[in-house]
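Participant: structure, please.
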Amino acid sequence: MGINKASRAGETSFSLLHQYAWSKKCKALSFARSFGPITLSFVALMLIPDKGWSQQRGPSALSQQGGQTGAHRLYARAKENPVSPAIPAALRIEPTSPLGQALASCDKDAAVQETFALPGLKGEVTLDRCYKGHDHLICVFDALIAEAKSLTDSYTPIIDAKYPDFNSVDSICQIKPDALASHMAGAEDFAKRFAGLKSNYDSASKCAINVKQAFRDVVLSDMTQPPEILKSMTETIEADVTRVSDVENQTVDLAAKVEAAKKAMKTLEKIHHAMCVKDKATVIGRAGNAEPAGH
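Facilitator: Numbers count the residues shown, from 1 in each chain. Sure, this is the predicted structure:
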């Protein structure tokens, strides 16, 4: 009898603990539902037992990459995942655009062979199919750099107008509506061109990094100084990526400023419509890039 009582007592304790744990999970899920699907997913993940993921991954990748930009971020992500990720498809560029024509010219002059291979320990090391030769890679990077410089030259006037800095109705009413509309259209055009540039930059840079990683498996047994050759090959690809990354970083900064100007222009347009007198010839007198009051 004593044994049966102890057994029933143990079962009761286990049942109470199970009910308590289940109640805590239900409360957590109920709380998450009140905040939407994103929170619900997060709480659901928190309820899954830890299988040692943190021990396998080590320190946070984001904390390790603080302050890194351009090529350094790409190299850091590639090192974190030794398996080469699939190269994302680049955003389709208008064929008649300057960048579209330049990229088409690069493809036209690319090597005919489908893949490139180098000697390895257990046979040939096949480079990523995205790689169409060093000439093609340089041609693509040159096209991206030319497009980035074109964006800077064409849309810097939108930044120079300093739309976010306007601070009075008088200065706002001196903006020509036609010029403001032209700059707004320019900002929209910039966003489309920048998206195409960024997409093709990401695709080409990741392809180059995949090729650089493949060099680790190359074995040049027929050469007397294989380390020097492999080092030179690696440094060549790194220099190519760094060159285009530096320009890309500048264009990213430009994109942020254009976006800020676009938001300000939308607000200025509303203020202009609400506050500026339309029948006075002197109300709108200066160009669309009129400087803020006090400049």
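Participant: low-confidence stretches in this protein?
Facilitator: Applying pLDDT under 70 to the chain flags residues 1-91, 111-113, 279-295.
Participant: show me where it has its strands.
Facilitator: Using DSSP state E, the strands of the chain run over 117-120, 123-126.
Participant: give me the buried stretch members for the first one, please.
Facilitator: Looking back up the chat, that one is strand 117-120. Buried positions in strand 117-120, judged by neighbour count with 16 or more other Cβ atoms under 10 Å: 118, 120. Any C-beta I mention is one placed from the backbone N, CA and C, and that applies to glycine too.
Participant: what does that strand contact?
Facilitator: 124, 125, 126, 127, 214, 215, 217, 218, 219, 220, 221, 222 (Cβ atoms under 8 Å, 6 or more residues apart in numbering).
Participant: list just the nearest of those to residue 232.
Facilitator: residue 215 (10.2 Å; Cβ to Cβ).
Participant: so who does that closest one touch?
Facilitator: 118, 230, 233, 234, 237.
Participant: again, but for residue 138
Facilitator: residue 240.
Participant: do you know how far the nearest residue to residue 131 once chain neighbours are set aside is from residue 204?
Facilitator: Leaving aside its sequence neighbours, residue 131 sits nearest to residue 211 (Cβ to Cβ, 6 or more residues apart in numbering; 5.0 Å). According to Cβ to Cβ, to the nearest Å, residue 211 and residue 204 sit 11 Å apart.
Participant: so between these two, which is more surrounded?
Facilitator: Applying other Cβ atoms under 10 Å to residue 211 and residue 204 shows that residue 204 carries more neighbours, namely 25 against 22.
Participant: the more buried one contacts residue 136, doesn't it?
Facilitator: No - with contacts counted by Cβ atoms under 8 Å, residue 204 stays clear of residue 136, the gap being 9.6 Å.
Participant: show me what stretch 261-270 is in contact with.
Facilitator: By Cβ under 8 Å, 6+ apart, stretch 261-270 touches 158-159, 161, 163-164, 166, 172, 175, 177, 180, 183-184, 187-188, 191.
Participant: emit the ChimeraX select command for whichever of the residues you listed are buried.
Facilitator: Entered in ChimeraX, the line below selects the buried ones among those, by 16+ other Cβ under 10 Å:
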select :158,159,161,163,166,172,175,180,183,184,187
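Participant: of all the contacts of stretch 261-270, which two lie farthest apart?
Facilitator: 172 and 191 (23.8 Å).
Participant: list the contacts of residue 109.
Facilitator: Contacts of residue 109 (Cβ under 8 Å, 6+ apart): 135, 136, 139.
Participant: for residue 243, same thing?
Facilitator: Taking Cβ under 8 Å, 6+ apart, one finds 141, 145 in contact with residue 243.
Participant: roughly how far does it sit from residue 118?
Facilitator: In terms of Cβ to Cβ, residue 243 sits 23 Å off from residue 118.
Participant: quick one: contacts for residue 105?
Facilitator: 139, 143.
Participant: related to what we said a few turns ago, out of the contacts of strand 117-120, who's the most crowded?
Facilitator: Most surrounded of those: other Cβ under 10 Å gives residue 127, at 21 neighbours.
Participant: which residues in the stretch 101-250 of the chain form helices?
Facilitator: 134-160, 169-173, 177-214, 226-275 (DSSP state H, counting those that start in this stretch).
Participant: show me the contacts for residue 154.
Facilitator: 186, 190.
Participant: could you find the closest non-adjacent residue to residue 257?
Facilitator: residue 159 (4.8 Å).
Participant: distance of that neighbour relative to residue 250?
Facilitator: Counting by Cβ to Cβ, the gap from residue 159 to residue 250 is 12 Å.
Participant: next: residue 133.
Facilitator: 27 Å.
Participant: also residue 167?
Facilitator: Taken as Cβ to Cβ, the span from residue 167 to residue 250 is 29 Å.
Participant: which one's more surrounded, those two?
Facilitator: Ranked by neighbour count (other Cβ under 10 Å), residue 167 and residue 250 place residue 250 first, with 15 against 11.
Participant: so what's that one up against?
Facilitator: 148, 152.
Participant: then stretch 242-259 to PDB, C-alphas only?
Facilitator: What follows is stretch 242-259 as a C-alpha-only set of coordinates in PDB (Å, rounded to 0.1, in the frame of the first residue of the first chain):
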ATOM      1  CA  THR A 242      37.700  46.200 -53.100                       C
ATOM      2  CA  ARG A 243      37.800  48.700 -56.100                       C
ATOM      3  CA  VAL A 244      34.100  48.300 -56.900                       C
ATOM      4  CA  SER A 245      33.100  48.100 -53.200                       C
ATOM      5  CA  ASP A 246      34.600  51.500 -52.400                       C
ATOM      6  CA  VAL A 247      32.600  53.100 -55.200                       C
ATOM      7  CA  GLU A 248      29.500  51.200 -54.100                       C
ATOM      8  CA  ASN A 249      29.800  52.500 -50.600                       C
ATOM      9  CA  GLN A 250      29.800  56.000 -51.800                       C
ATOM     10  CA  THR A 251      26.700  55.300 -53.900                       C
ATOM     11  CA  VAL A 252      24.900  53.900 -50.900                       C
ATOM     12  CA  ASP A 253      25.600  57.100 -49.000                       C
ATOM     13  CA  LEU A 254      24.200  59.100 -52.000                       C
ATOM     14  CA  ALA A 255      21.100  56.900 -52.000                       C
ATOM     15  CA  ALA A 256      20.400  57.700 -48.400                       C
ATOM     16  CA  LYS A 257      20.600  61.400 -49.100                       C
ATOM     17  CA  VAL A 258      18.400  61.200 -52.100                       C
ATOM     18  CA  GLU A 259      15.800  59.300 -50.100                       C
END
